[in-house]
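1. The following block contains a protein sequence and its predicted model.
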Amino acid sequence: MLTNMSTTAANLIAVLAVLMAPCALLSAQQSGADPNFGPPRVTAATNPESGNDVYRQQVFESEIAQVGDEQARSVEITEPDSFDNSIQFDWLKDTRVGYDNGFLIANQKQGDLQAGDFPFRLRINGWGQLRHTYFQSEGINPDQNQFQLERGRLVISGSAFTPDFSYFFQFDGRSSSGDDVRLLDYRLTFDIGRHWWGLDQGKFGFKTGKYKMPFHLARWLSGRELEFTDRSVASTYFDVNRSLAWGLYGRFDRCRVPIYWETAIFNGLVTGGAETGSSGDLDDKFAYSARLMWYPTGTWGESELADFECHRHLATRMGVGVANSTIDRSGLTEFNSIRVVDSGETLASILPATVDQYSVSLYSVDASLKYQGWSFTSECYFRQIDNIRGAAIPDLFDYGYWIQIGKFVVPSEVEIMARWSRVIGDSGTLGISDESSSEVAVGFVRYFRGQNAKFTFDTTYLDGAPIDSAALDIQPGDIGWLYRTQIQFAF
């Protein structure tokens with residue numbers, strides 16, 4: 001009996017000692033004792049599975065160490081050989097982690113964590129665009145006057161197991177899709193060259209998932225980097241957009257400047273939202289695309305269009321792209337996606353019912369520059385539809401372009417811009433004659449924190465839109481004035 005009581009008492013004393021340890025540590029911190037006190041490093045030599053009490057105590061102390069003024073300042077569990085003592089973590093003392101009307105991670109300032117080569121990383125970002133649209137129609141389409149969430153994005157990205165294997169997930173919600181939230185991007189990349197052959201980062205890699213197909217600049221750009229509220233009519237008309245794909249990417253360094261390249265094999269043009277599988281609305285033919293991009297002069301900078309850096313020397317960027325797909329009527333998603341000039345109707349709706357297949361070839365060329373607050377971007381497109389099976393219809397040829405100029409009137413804060421976009425071709429008449437549609441736009445942007453917080457206003461005149469785009473607030477055949485006001489916030 002006495003033995004059992006003594007054993008129980010010993011156990012209670014041990015529990016109390018563990019419970020009192022945080023208080024003792026807090027007291028020592030507040031009294032100024034041992035100012036160099038820090039969490040012990042738990043090494044691989046201490047086996048957690050061995051039941052080693054020293055190991056458990058080290059883990060416990062590492063979780064409660066550096067507690068003072070009712071705030072946790074740092075936690076460190078690492079192997080000595082893998083930790084770079086030259087890296088400073090002073091930013092940790094400004095960090096708060098805990099529960100405050102919800103689970104909270106807070107920091108007073110942005111820091112460089114120098115975690116690019118860490119094998120396990122997780123980054124969470126988000127951005128959104130709240131827009132007011134007013135359209136004064138001069139044609140048969142109705143007027144518009146509405147507020148909407150144009151883009152509401154949540155991004156989860158990082159790496160796992162090795163810094164050479166990365167992932168990127170992007171969720172999207174918007175007014176045009178009601179209450180639905182969709183998985184917009186699901187991308188996995190593996191830097192084969194660096195991981196297996198010791199090449200520089202980005203020299204040769206593999207990419208798979210659902211993502212933007214490599215073709216033209218306008219789609220390659222993120223929506224948050226645009227100067228206007230959205231892309232041009234021409235770039236949307238000749239778009240390849242997203243799809244499920246396998247691809248390769250890399251960098252070729254043997255020229256005067258590096259050339260960045262990417263290629264992909266995918267389900268089809270504008271098939272990112274298509275249902276796949278045996279019951280899906282896709283045919284059995286893949287599409288292909290490729291893009292090259294290089295920077296002939298200067299250092300381009302972080303911003304993709306606007307010249308925040310106010311370049312003293314001319315910075316230029318150039319690119320070319322190609323895409324091809326053979327489209328079968330059995331794949332209705334792709335078969336019904338191709339539109340014509342200038343009505344914006346689908347090609348499928350004006351083709352004879354006997355046509356069951358055709359091929360589409362797309363080409364793009366783009367050039368951009370930045371200089372002393374000025375920015376200039378232009379892209380040209382060409383589309384040929386041939387091998388039309390089931391009717392005597394000639395090859396159809398459309399082309400288009402957009403030209404955009406921006407200028408900071410207040411460096412890095414206020415920018416004014418103008419854009420001209422045009423699409424010309426004979427697809428709408430099935431090869432009989434050319435028709436065209438155009439877009440002219442002007443606007444300004446007030447940047448509060450670069451692309452993370454900005455206010456944009458633009459006005460556009462449409463002369464027969466050949467597209468159907470909820471993102472652009474444009475319907476087929478639109479004629480009239482379109483006014484868009486947009487607030488963007490990102491983190």
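-> It's in.
2. now the stretch 151-300 of the chain, which segments are flagged as low pLDDT?
-> Residues of the stretch 151-300 of the chain that meet the criterion pLDDT under 70 lie in 278-279.
3. Show me where it has its strands.
-> 162-173, 181-190, 204-212, 242-252, 259-266, 287-294 (DSSP state E, counting those that start in this stretch).
4. tell me which residues in the helix or strand harbouring S361 are buried?
-> Here S361, judged by DSSP states H and E, is contained in strand 357-371. For strand 357-371, burial by neighbour count (16 or more other C-beta atoms under 10 Å) applies to 357-360, 362-366, 368-371. Bear in mind the C-beta positions are built from the backbone N, C-alpha and C, glycine included.
5. Keeping just the C-alphas, turn that strand into PDB.
-> C-alpha atoms of strand 357-371 as PDB (Å, rounded to 0.1, in the frame of the first residue of the first chain):
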ATOM      1  CA  GLN A 357     -13.600  18.000 -88.300                       C
ATOM      2  CA  TYR A 358     -11.200  20.800 -89.000                       C
ATOM      3  CA  SER A 359      -7.700  21.900 -88.000                       C
ATOM      4  CA  VAL A 360      -6.600  25.100 -86.300                       C
ATOM      5  CA  SER A 361      -3.100  26.600 -86.400                       C
ATOM      6  CA  LEU A 362      -2.300  29.700 -84.300                       C
ATOM      7  CA  TYR A 363       0.800  31.900 -84.200                       C
ATOM      8  CA  SER A 364       1.900  34.900 -82.100                       C
ATOM      9  CA  VAL A 365       4.700  37.500 -82.000                       C
ATOM     10  CA  ASP A 366       5.100  40.000 -79.200                       C
ATOM     11  CA  ALA A 367       7.500  42.800 -78.200                       C
ATOM     12  CA  SER A 368       7.600  45.000 -75.100                       C
ATOM     13  CA  LEU A 369       9.800  47.700 -73.700                       C
ATOM     14  CA  LYS A 370      10.300  49.900 -70.700                       C
ATOM     15  CA  TYR A 371      12.100  53.300 -70.600                       C
END
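6. going on from that strand, what's the next piece of helix or strand?
-> Where DSSP H and E defines the elements, the next helix or strand beyond strand 357-371 is strand 374-389.
7. Sheet partners, orientation included, of that next one?
-> strand 357-371 (antiparallel), strand 396-410 (antiparallel) (DSSP bridges).
8. Would you mind giving these as a markdown table with mean pLDDT and distance to C310 added?
-> As requested, the strands paired with strand 374-389 are exported to a markdown table (pLDDT from 0 to 100; distance: least, C-beta to C-beta, whole Å):
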| stretch | mean pLDDT | distance to C310 |
| --- | --- | --- |
| strand 357-371 | 98 | 9 |
| strand 396-410 | 98 | 7 |
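9. looking at those strands, which is closest to S235?
-> Nearest to S235 among these is strand 396-410 (5.9 Å), distances taken as C-beta to C-beta.
10. Flag every buried residue along that closest one.
-> In strand 396-410, counting by 16+ other C-beta under 10 Å, buried: L396, F397, D398, Y399, G400, Y401, W402, I403, Q404, G406, K407, F408.
11. What sits closest to the last one if chain neighbours are left out?
-> To tie it back to what came earlier, the one meant is F408. G373 (4.0 Å; C-beta to C-beta, 6 or more residues apart in numbering).
12. which residues does the one you found contact?
-> The contact partners of G373, taken as C-beta atoms under 8 Å, 6 or more residues apart in numbering, are D307, C310, K407, F408, P411.
13. And it, how close does it get to F448?
-> Distance, G373 to F448, by C-beta to C-beta, to the nearest Å: 18 Å.
14. ditto for E413
-> Distance of E413 to F448, given as C-beta to C-beta: 8 Å.
15. Which parts of the chain are helices?
-> 2-30, 53-64, 192-197, 217-220, 233-237, 332-335, 347-350 (DSSP state H).
16. Turn the contacts of G373 into JSON lines, including distance to Q144.
-> Formatted as JSON lines, the contacts of G373 follow (distance: C-beta to C-beta, whole Å):
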{"residue": "D307", "distance to Q144": "33"}
{"residue": "C310", "distance to Q144": "37"}
{"residue": "K407", "distance to Q144": "30"}
{"residue": "F408", "distance to Q144": "31"}
{"residue": "P411", "distance to Q144": "35"}
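17. Which single one of those residues is nearest to R317?
-> Out of these, the member with the shortest distance to R317 (by C-beta to C-beta) is D307, at 12.0 Å.
18. Show the pLDDT at the closest one.
-> In this prediction, D307 carries a pLDDT score of 98.
19. what's it in contact with, if anything?
-> D307 neighbours (C-beta under 8 Å, 6+ apart): G301, K370, Y371, Q372, G373, W374, S375, G406, F408.
20. Which residue comes closest to it once chain neighbours are left out?
-> K370 (4.0 Å).
21. Pretty sure the one you found sits against E309.
-> Yes - judged on C-beta atoms under 8 Å, K370 makes contact with E309 at a distance of 7.1 Å.
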